[in-house]
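1. my questions are about this predicted structure, shown below with the sequence.
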Amino acid sequence: MSRPRVPAWAAAIALLGAALACARRDDPAAIAAAAAEKRLNLYIWSAYMPQDVLDDFTKQTGIAVRYDLYDSNESVLAKLQSGVADYDLVVPSDYMVRILIHLKLVKPLEKGRLHNLGNLDPRFLDKTFDPGNRYSIPYVWGTTGYGYNVARARGALDSWAPLFDPANKGQILMLDDMRECFSAALKFLGKSINTTNPADLKAAADLLKKQKPLVKTYNSSDFEHILASGDVIYAHGYNGQIAKVAAEEPGKLAYVVPKEGATIWVDSVCIPAGARHTDAIYAFLDFIMDPKINARIVDGIRYASANAAARQWISPDILNDPAVYAPAESLTKCEFVEDIGEATEVMDEYWTEIKAQ
Amino acid sequence: MSRGGADRTGRAALPLVLPAWIALGIFFLLPLAILFVISFGQRATYGDLKPISDLWTYIASGKLLAQYARSLHGIYLQIFWRSLWMAVVTTVLCLVMSYPIAYYIAVTAPARKRNLLLGLVVIPFWTSFLIRTYAWMFLLRTEGLINRVLMGLNITSQPMELLYNNFAVLIGLVYGELPFMILPLYASLEKLDLSLLEASADLGAPRSSTFWRVTVPLTMPGIVAGIILVFVPSLGQFIVSDLLGGARTILAGNLIQNQFAVARNKPFGAAIAFELTAAVLLLLYAYTRYTRRRGEDVLL
Amino acid sequence: MRTKGRFLRAYAWLVYAFLYAPIAILVIFSFNRASQTAVWQGFTLEWYRSLGHNELILTAVRNSLIVGLAATVIATVIGTLVALALGRYEFRGQTFTKNLLYLPIIIPEIVVGAALVTFFGVVALRLSLLTVIIAHVVFSISYVAIVVRARLSGFDRSLEEAALDLGARPMQTFWRVTLPLILPGVVSGALLVFTVSIDDYVITSFVAGVGATTLPLQIYSMLKVGVTPEINAVSTLLLVVTIALIAAAQRLQTPPTEGLRD
C-alpha cells in the first residue's frame, strides 16, 4: 500500500492543536469583530425571560440570542470564576453582585450607551451592594416567603411558625438554599438575616436542625409545582413562581410574607468582565428597559420589575396581586441579603451539618 | 497477556499506546494533578484561592493538610460512612437481583434467544438517566402512579411515602446500576462449563451445594467485576440523592458537588474528592492483586 | 430442572418489568393530553408536534449528536489502538497503561468534571462544544479499550501470522485480517461510547459553554423548570432511534469467518 506514512497519532495531535488555537481569540481584530457580532449569550434565572420577548428582540435587531439557565447565584459565581464561560449578561442577586464586583468579574456599565435608565424605580437604585449602579441595572425584585394550600393549611398563616411546627411533619418544603433557609430561621427568631453574631447563627442552625425531620424535600427550582401537586402543604419559595401557579387555579394556593419579616431581593443585570458582544449587550439592555417590553416581561414571568415606567402597561390583575407587587406594609421588616464575609464559612459548616443529619 | 511473543518486540507497541498516553496525560492526569495541588490550599473570602506568600511557613503552620484534617472528622466522616453504606447496600442488592436473571439468560434460556434477552436488559439504558430518574419520581410521589394504583385497588387507604427518602434513593441507585452487574455476571456465566454442574449433580450433591461450591466460585471473576462496576459509581453519585432523596441526604458526591458549586470551597472539595479517589484506588489495587493471583484480568 | 427453569423465567420477567416500568410510563405519558398530572386525559400527538418547534431541544439534540459522533470516532480510534497494544505485546509501561485506563472509570465523574473545568481555566481555554468533546473523549477511551481487549482475548494470532507469511505487509494485514476480526468489538465499543456520551450529565455540566447545551443538560434544566410531556416525547424518539441503530448494527455485523472467505 502506498499510503503516506504519517502516523495517525501525529495527525490527530496536529488537528487538536489547530482546534485549540481556534478556541482562543485574544487578538484585537477578533475582539472588535466580536463586539459587533450580532449575537448575545445570556445566563439567566430559569423563570426570568419569556421566549416571545427574546424572539421579538431578534426580529427587531437581527441579533441571535442564546441562553443558559441557572437556579442559584452560586452557579453564576462558579461559571464566571472559571474564567472561561462566554456569557454577555448575567442576572445575579444583590449580595452576589457585590461579590462579583469585589472579584472584578463584572465590568462597569457605559451609561452613555443606555437610554432608558430613567425608567427605573428609584427604590431599587443606589443600593449598598452597588453604590451609584456602576455595574448593575435592577431587573426584577421580589420576596421569599412561603406559599400554602388554602384548604389544608392550619396555624398562624401570617407567620413563619407553621414551617417550624412539628405538627406539619412531612408537609413542608424548604428552598435548597443556605442563605434563604437561614434567613427564614433568623427572622422567626427575631434576628437580622445578615447577622454575623455566632450565637445568633448557632440558634438558627439549631432551629433548622430541629426542622429537618419535618421537611419533605429541599428544592429551589420547581418548588411551586411540588406545592401545586399537593405533595406538600407549605412551600418556602420566591413570590413570583408561587404567584404563577396560584393564578392557574384561583383560590387553591396563597402566598404570604410573614409578619416577622423575610428576605426582599432584587436581581440585577450585569456584564461579565469577559463579555464580548458589546453592541448586542447595550441593544438588549435598552430593549428590556423599554416600558412596554418590560411590562410584557412582567406579564410573562409574574415577577415585579424594577421599572417604574412600565407600570402603566402591566396587566391590572398582576399589579393588584399582592403576591407580585407586595404592599408597602408587608415589606417593613424585610431585609436585603448582604454578604456576611467570613461568616459564610461558618454558615456553610452548619448547613452541611443540617443536611447531613 | 500477549500470545506467541518473541517475534513482536515491545517497541511496536509504542505508536499504539502513544495517542492514549497523550490524550489521557494532558486532559486527565494533568487536570487531576492541578486539582490535587489545589487541595492543599485555602479558600479566600469570596471563594477564590488564598495566595500563599511563603511556602515553608505555610507548610510549617500545618495549613498544608488543613483541608484533609477537616474532612476526616465529625459530620464529614459521617457522610463518608453513609455513602459507603449506601454503596454497599446498592451493590449487594444489585448482586442478589442480578445473579438469577444473568443465570437465566446465560444458562437456562435457549441459546438463540440470548442476544435478544441481553439486548432487552441494555435497551432501557439508551434513554436518558435523568429522565428515567424523573420517571421514578413520577411513579413514587404521593399522587404518583404507584400510590394511585394501590389506593385504587384498595390495598392501601393512605398514600405511602415512597419518595424523598432512602428507599427511593436505593431504588434509583439499584435501577441505574443493574446492567453493570448483569453484564459481567452474564459474561462469566456464559463461559460456565455446564458439564461440571452435571457432574456435581451426578455425584449426589444437592442443588444448593452445586450452586455454592461449583457455580459461584467459577463465576467469581464476573462477580468481582460486577461489584467493582457497581460499587464505585455508587460511591460518587449525587443526582439520585438530589432528585429522589429530596436533597435531604448528603452523600459524598453531594458534598463534593456542594463544595464546588455552592460553598465555593474548591480546596476542601478537592480534598474530599481525592479521599474518595484514594478509597477507590485502594479497591482497584486489591482487585489487581486478586486477579494477579488468579492469573487473569477480567477487564484489561 | 423443570421447576427451577420456570421460577427463573418468572423471576427474569419480574426484573424486566422493573427495568421497563419507568420506560413504559415515559412512552405512554408522552401521548397524554394532560401536562403535569398522572391522570390519563386522552391520546394526543401534540407534544411530538411541538417538539419540532422547540428550538432549545432541537439545538440540544444537534449538540449531543455532534459531541457523540466526534467523541465516538476519536475515542474508538485511540481506544482500539491501545487495546491492540495491550492484547498483543508485552511492553514496558504495560501496567501503567492498564491503570491509566482504569482511572477514568474509577474516579468519580464529579472529580473529573471539576478537574477539567479547573484545567480549562488555567490554560484559558474557553468553554464550548470543543471542551465537551475533549471531556467525553477522556472518559470514553477506557470503555473502548476494555471492550476491544475482551474481543482480542479470543483472538487467533495464527491468522495474522499466516497472512504475514504469505507476504502481506503489516498495514495490509491490519486492514484486511485483524480489523475485520476485531470489528464486532470495535463496533460494540463505539456504540457503548456513543450511549455514554449522549447520556452524560455530570461531566458535561461542568465543561459545557453557552450554546453547547447537550440533551441531558437541557433535560435537566427542563426538569427543574417544569416538565412538559415534550421531554417524554423526545425520550421516546431517542429510544426508538437507538433501538433502530442497534438493530441495524446487528444486521450489518457479519460473523468473523465470513469476512475472510472472500
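-> Everything's here; your move. No experiment lies behind these values; they were computed from the predicted model shown.

2. only C-alpha atoms for contact and neighbour calcs from this point on.
-> Fine.

3. any low-confidence regions in chain C?
-> Low-confidence segments of chain C, defined by pLDDT under 70: C:1-4, C:35-39, C:154-155, C:224-227, C:249-262.

4. ok, which stretches of it are strands?
-> Counting by DSSP state E, chain C forms no strands at all.

5. most centrally placed residue in it?
-> For chain C, the residue sitting closest to the mean C-alpha position, by CA atoms, centre = their mean, is residue C:195 at 2.3 Å.

6. and the residue of the stretch 51-200 of chain C closest to chain A?
-> Relative to chain A, the nearest point of the stretch 51-200 of chain C is residue C:126 (4.3 Å; CA to the nearest CA).

7. how many other residues sit next to the nearest residue to that residue once chain neighbours are set aside?
-> Of all residues not flanking residue C:126 in the chain, residue A:84 sits nearest, at 4.3 Å (CA to CA, 6 or more residues apart in numbering or on different chains). Using other CA atoms under 10 Å in any protein chain shown, residue A:84 has 22 neighbouring residues.

8. assign a three-state SS to residue A:84, would you?
-> The local conformation at residue A:84, judged by DSSP: H, G, I helix; E, B strand; the rest coil, is coil.

9. residues contacting it?
-> By CA atoms under 8 Å, 6 or more residues apart in numbering or on different chains, the contact set of residue A:84 is C:120-121, C:124-127.

10. narrow those residues to just the buried residues.
-> By neighbour count, with 16 or more other CA atoms under 10 Å in any protein chain shown, the contacts of residue A:84 hold C:120-121, C:125-127 as buried.

11. these in helices, which ones?
-> Counting by DSSP state H, the part of the buried ones among the contacts of residue A:84 found in helices is C:120-121.

12. now the buried ones among the contacts of residue A:84 in a markdown table, with distance to residue B:292?
-> A markdown table is the format used below for the buried ones among the contacts of residue A:84 (distance: CA to CA, whole Å):
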| residue | distance to residue B:292 |
| --- | --- |
| C:120 | 38 |
| C:121 | 40 |
| C:125 | 42 |
| C:126 | 44 |
| C:127 | 42 |
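
13. quick check, residue A:141 in a strand?
-> Yes - looking at residue A:141 with three-state DSSP, it is inside a strand.

14. measure how buried the closest residue to it other than its chain neighbours is and give me the count.
-> With sequence-adjacent residues excluded and distances taken as CA to CA, 6+ apart, residue A:141 is closest to residue A:266, at 4.1 Å. A count of nearby residues for residue A:266, using other CA under 10 Å, gives 26.

15. distance of residue A:149 from residue A:229?
-> From residue A:149 over to residue A:229 the distance is 10 Å, taken as CA to CA, to the nearest Å.

16. ok so, going back, in this structure the residue nearest to the centre of chain C contacts residue B:126, no?
-> Yes - between residue C:195 and residue B:126 there is a contact under CA atoms under 8 Å: 6.4 Å.

17. got the residues of chain A near chain C?
-> Residues of chain A found near chain C (CA under 8 Å from any CA of the partner chain) are A:1, A:20, A:23-24, A:41, A:46-47, A:66-70, A:82-87, A:221-222, A:225, A:229.

18. return the residues of the stretch 101-250 of chain B in contact with chain A.
-> Residues of the stretch 101-250 of chain B lying near chain A (CA under 8 Å from any CA): B:141-143, B:164, B:245-250.

19. and which of the residues you listed is nearest to residue B:35?
-> residue B:250 (22.3 Å; CA to CA).

20. got a list of what that closest one touches?
-> A:352, A:355-356, B:79, B:241.

21. cutoff 7 Å now
-> By CA atoms under 7 Å, 6 or more residues apart in numbering or on different chains, the residues touching residue B:250 are A:355-356, B:79.

22. would you mind measuring from the residue nearest to residue A:141 to residue A:81?
-> For residue A:266, the distance to residue A:81 equals 22 Å [CA to CA].

23. check residue C:113 too.
-> 15 Å.

24. residue B:49 is in contact with residue B:42, isn't it?
-> Yes - with contact defined as CA atoms under 7 Å, residue B:49 reaches residue B:42; the gap is 6.0 Å.
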